[in-house]
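# from the sequence below, what's the structure:
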Amino acid sequence: MARHFLTGAELSAPELDALLDRALVLKQAPLSSRALTTRSVALIFEKPSTRTRLSFEVGIHELGGHPVVLRADELQLARGEAIRDTAIVLSRHVAAVGVRTGPDAMLTELAEHSGIPVINMLTARHHPCQALADLLTLREAHGTLDGLRVAYVGDGNNVARSLATLGALAGLQVAVASPRGYALEPDLPLPAGARGSVELLADPRAAVKGACAVYTDVWVSMGDESSAQERRAALAGYRLDSGLLDAAAPGAFAMHDLPAHPGEEISAEVLYGPRQRIWDQAENRRHAQKALLELLVSAP
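Next up is the predicted model:
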């Protein structure tokens, strides 16, 4: 049976550690692996993308493979073809398929009928590939992840959920600060073997106390435009600026999955200044995803 990557909880803690080790090797030697030689990977984009498309396309090419990019309006799915039928056809042609979409149910159904690995490139509830890049960035900075405290401030969205899920699996202490109505679910299930923890708070300064990194995301995500004014008002006290970084551990740096809106969720001073590793995160998408593809396409 194919092995999928839908939430990140499919990995064991040792597998996650090994994946990050491998990603560091691939970052130093980007053309050292030919794991996808003569093979193709389908990339289905039902949502706009910059970093996901760039990192997957370039990464697949560096692994010796061919990325087949498919937009929603180019597929028969747009005309009512069954997801099951699409999964069967894809399985006859490519080695794996990545999907960037809205409903998690679509991804789940595709994986259920797919004979090849299905990778979540983004859904409404999860963004696990981003979390892999986040963990890789923290590993580069600190050498280890066990026991590190990382704070996330702002909307408890798919990025926060995946950071909490995979961060706990990697041994992080993840503190998530959100206003009422925007918090992660208090009963968030953690993966089997998780050796870290997740703490939900309302006060951003309490969350960042002792944190080696402070993470944020946009206040108005794709699909939230109708409630933009309400969201900005609710999240106004959760801006990542120099003052909030000062309240974290000495040497703490800012993180953001991008795109960013300077002056809203993050100050321009932090986004473009020396106290951030945001652009490292954007690059690390490629290296972490290459290690993931190696793992999935070589799985028995």
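
# for the protein, which segments count as helices?
13-28, 51-62, 83-91, 104-112, 128-142, 158-170, 204-208, 228-235, 242-246, 268-271, 278-297 (DSSP state H).

# okay, these in a markdown table with mean neighbour count and mean pLDDT next?
Any C-beta I mention is one placed from the backbone N, CA and C, and that applies to glycine too. Listed next are these as a markdown table, based on neighbours: other CB atoms under 10 Å; pLDDT from 0 to 100:
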| stretch | mean neighbour count | mean pLDDT |
| --- | --- | --- |
| helix 13-28 | 17 | 98 |
| helix 51-62 | 20 | 98 |
| helix 83-91 | 16 | 95 |
| helix 104-112 | 18 | 96 |
| helix 128-142 | 24 | 98 |
| helix 158-170 | 26 | 98 |
| helix 204-208 | 22 | 98 |
| helix 228-235 | 15 | 95 |
| helix 242-246 | 16 | 98 |
| helix 268-271 | 18 | 98 |
| helix 278-297 | 22 | 98 |
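
# in CSV: those, plus distance to Val150.
Output for those, formatted as CSV (distance: least, CB to CB, whole Å):
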stretch, distance to Val150
helix 13-28, 15
helix 51-62, 20
helix 83-91, 35
helix 104-112, 24
helix 128-142, 7
helix 158-170, 6
helix 204-208, 10
helix 228-235, 19
helix 242-246, 13
helix 268-271, 16
helix 278-297, 12
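
# looking at it, Gly193 is touching Ala170, isn't it?
No: the pair Gly193 / Ala170 is not scored as a contact, 10.5 Å apart, by CB atoms under 8 Å.

# overlap in contacts of these two?
Shared contacts of Gly193 and Ala170, defined by CB atoms under 8 Å, 6 or more residues apart in numbering, are found at Ala13.

# identify the residue nearest the most centrally placed residue in the chain in space, chain neighbours excluded?
By CA atoms, centre = their mean, the chain has its centre lying nearest to Gln130, at 1.9 Å. Once flanking residues are discounted, Gln130 sits nearest to Asp257: 5.0 Å by CB to CB, 6 or more residues apart in numbering.

# my read is that that neighbour contacts His127, right?
Yes: here Asp257 reaches His127: they are 7.3 Å apart, a contact under CB under 8 Å.

# shared neighbours, the two?
With CB under 8 Å, 6+ apart, Asp257 and His127 have common neighbours Val159.

# if we can go back for a sec, what residues are up against the residue nearest to the centre of the chain?
122, 159, 162, 257, 285.

# go again using 10 Å as the cut-off
8, 51-52, 121-122, 158-159, 162-163, 166, 217, 257-258, 281-282, 284-285, 288-289 (CB atoms under 10 Å, 6 or more residues apart in numbering).

# ok, it to Ser178 distance?
18 Å (CB to CB, to the nearest Å).

# ok, now Cys212?
20 Å.

# tally of neighbours for Ala177?
26 (other CB atoms under 10 Å).

# can you tell me how far it sits from Gln229?
From Ala177 across to Gln229, the span is 22 Å (CB to CB).

# wait, doesn't Arg150 sit right on Leu166?
No Arg there; residue 150 is Val. No: when contacts are counted by CB atoms under 10 Å, Val150 is not listed as touching Leu166 (11.2 Å).

# so for these two, which residues contact both of them?
Common neighbours of Val150 and Leu166, counting by CB under 10 Å, 6+ apart, are 134-135, 172, 174, 196.

# what is the nearest of those residues to Ala202?
Val174 (15.6 Å; CB to CB).

# so that closest one is in contact with Val153, correct?
No: the pair Val174 / Val153 is not scored as a contact, 11.7 Å apart, by CB under 10 Å.

# and for those two, which residues touch both?
160, 207, 211, 215.

# now the first one: closest residue in space that isn't a chain neighbour?
Yep, that's Ala160 we're talking about. Nearest residue to Ala160, sequence neighbours excluded (CB to CB, 6+ apart): Tyr152, at 5.0 Å.

# that neighbour against Tyr182, yeah?
No: counting by CB under 10 Å, Tyr152 stays clear of Tyr182, with 11.7 Å between them.

# dig out what the closest residue to Val270 other than its chain neighbours forms beta bridges with.
Residue nearest to Val270 in three dimensions, not counting chain neighbours: Ala254, with 4.9 Å by CB to CB, 6+ apart. Assessed by DSSP bridges, Ala254 has beta-bridge partners Val214, Gln276.
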